[in-house]
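3D, please:
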Amino acid sequence: MNTAQAMPENSGFATPANGVAEIDAEPGSLHALVLQSLDDDQAQDIVSIPLAGKSSIADFMVIASGRSSRQVTAMAQKLAERVKHGGFGPSRIEGLPAADWVLIDAGDVIVHLFRPEVRSFYNLERMWGFGEGGNA
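Numbering: from 1, shown residues only. Down below sits the predicted model:
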């Protein structure tokens, strides 16, 4: 998994010497399935934000980028299929026709997939206190 941003301490990320971030996730969990699916599909700049105690909407928010609208669409569709086949039920998908910003609501994990320029514009990581200058 790739991440271009410096992660705050205790964010769930461990950055080894090779600069590739690894996200701690309980094996067999929905969160682990989401992260593995995005990694398998070559998502870029994957960020996982724990929401427990901050929001009741989900336990985690995962934000990632695709290189193009086509890749964002493919990642979203594959993720929804993997979540369903993993026994976590159906996911709701919003924004698929344009695929600039696709939201996948998988229940305990909310996933935002962006094209890089759209992600920079909305900067959700900063809104949730992650990323540049943020403290979690």
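
Asp39 - that's part of a strand, no?
No. Assessed with DSSP: H, G, I helix; E, B strand; the rest coil, Asp39 is helix; it does not lie in a strand.

how near is it to Val72?
Asp39 sits 15 Å away from Val72, going by CB to CB, to the nearest Å. Backbone N, C-alpha and C define where each C-beta goes, glycine included.

the more surrounded of the two?
Neighbours per residue (other CB atoms under 10 Å) separate Asp39 from Val72, with Val72 holding more: 26 against 15.

In terms of pLDDT, where does that one sit?
Val72 is assigned 98 on the pLDDT scale.

Doesn't it lie inside a strand?
No. Applying three-state DSSP, one finds Val72 to be helix, outside a strand.

okay but it is in contact with Phe114, surely?
Yes. Using CB atoms under 8 Å, Val72 is in contact with Phe114, at 7.1 Å.

Now for these two: what residues contact both?
66, 100, 102 (CB atoms under 8 Å, 6 or more residues apart in numbering).

all strands of this structure, in order?
Remark: strands assigned in the chain by DSSP state E are 13-14, 22-23, 44-50, 60-65, 92-94, 101-105, 109-114.

Mean neighbour count, these: which tops it?
Ranked by mean neighbour count, the strands of the chain are led by strand 109-114 with a mean of 26 (mean count of other CB atoms under 10 Å).

Okay, now the unreliable bits of the chain?
The model of the chain has pLDDT under 70 over residues 1-25, 27, 130-136.

center of it - which residue?
In the chain, the C-alpha closest to the average C-alpha coordinate belongs to Val62, at a distance of 2.5 Å (CA atoms, centre = their mean).

For that one, give me its contacts.
Contact analysis of Val62 by CB under 8 Å, 6+ apart lists 31, 34-35, 38, 46-49, 109-112.
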